[in-house]
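> From the sequence below, what's the structure:
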Amino acid sequence: MKKCSRCSKIATLHITEINDGKVDELHLCESCAKMYLNQPPSNLDEEFPAVEVEFNELMEEEEAEESLAEEVRCPSCGITYKEFRSKGRLGCPQDYIIFQSQLMGLLDNIHNSTQHTGKYPKRAPKASQKQFELIKLRNDLNEAVQAENYEDAARLRDQINELEQETSIES
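Modelled structure (predicted):
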């Protein structure tokens with residue numbers, strides 16, 4: 001998924017224009033596309049002057065990443081990043097490490113985040129839900145301690161103790 005050439009939203013309209021043998025591509029979100037399509041043709045260059053420059057820079061960066069990605073091959077399964085993009089599946093768990101930089105950009109474009117927040121089934125037993133909550137709180141506690149945010153760490157510690165007591169009472 002491409003981002004809008006004008007703002008940081010996800011592009012929903014992709015326009016390719018050929019002017020004097022030169023190919024110009026625009027990737028626009030819905031709101032920028034409405035503005036673009038409602039402008040008379042003479043005003044488009046004034047309204048979107050930096051789009052072509054930004055797009056060319058993005059294409060050069062993407063081409064450089066792709067050429068680098070083509071060279072990198074997983075030592076375990078032998079897949080390249082280009083093969084992953086065409087198939088949509090990685091070959092082995094080590095690919096997450098090998099292609100980490102490319103995958104982070106891809107995940108950020110798709111999900112607007114690279115941090116998994118976690119989910120559990122709504123019909124999961126209460127014990128499983130509490131176990132999940134404990135794990136999440138412990139991870140948050142570790143992050144707070146590493147960031148030296150001791151007030152939050154104390155609050156999280158108290159929540160963990162309270163949840164552990166509830167769990168032991170129910171058992």
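
> Centroid-nearest residue for the protein?
D108 (1.4 Å; Cα atoms, centre = their mean).

> A helix includes that one, no?
Yes. Under DSSP: H, G, I helix; E, B strand; the rest coil, D108 sits within a helix.

> Not counting its neighbours along the chain, what's nearest it?
Among residues not flanking D108 along the chain, T114 sits closest, at 5.4 Å (Cβ to Cβ, 6 or more residues apart in numbering). For every residue, glycine as well, the C-beta is placed using N, CA and C.

> what helix or strand does the one you found sit in?
T114 belongs to no helix or strand when assigned by DSSP states H and E.

> hang on, the earlier thing: the residue nearest to the centre of the chain and K3, how far apart?
For D108, the distance to K3 equals 9 Å [Cβ to Cβ, to the nearest Å].

> now L141
35 Å.

> Next: Y96.
Using Cβ to Cβ, we find Y96 at a distance of 23 Å from K3.

> Looking only at neighbour counts, state which of those two leads.
K3 (16 against 10; other Cβ atoms under 10 Å).

> Quick one: classify I18 as helix, strand or coil.
strand.

> List the contacts of it.
Residues near I18 by Cβ atoms under 8 Å, 6 or more residues apart in numbering: D24.

> can you pull up the bridge partners for it?
Counting by DSSP bridges, I18 is bridged to V23.

> Quick one, grab the pLDDT at it.
Looking at I18, its pLDDT reads 78.

> Then R155?
Predicted confidence (pLDDT) for R155: 94.

> for Q159, same thing?
93.

> does the residue nearest to D108 really touch S101, like I thought?
No. Here T114 does not reach S101: they are 11.1 Å apart, not a contact under Cβ atoms under 8 Å.

> Under the pLDDT cut-off, which ranges of the protein? List them.
The chain contains residues with pLDDT under 70 at 1, 40-70, 116-122, 124, 170-171.
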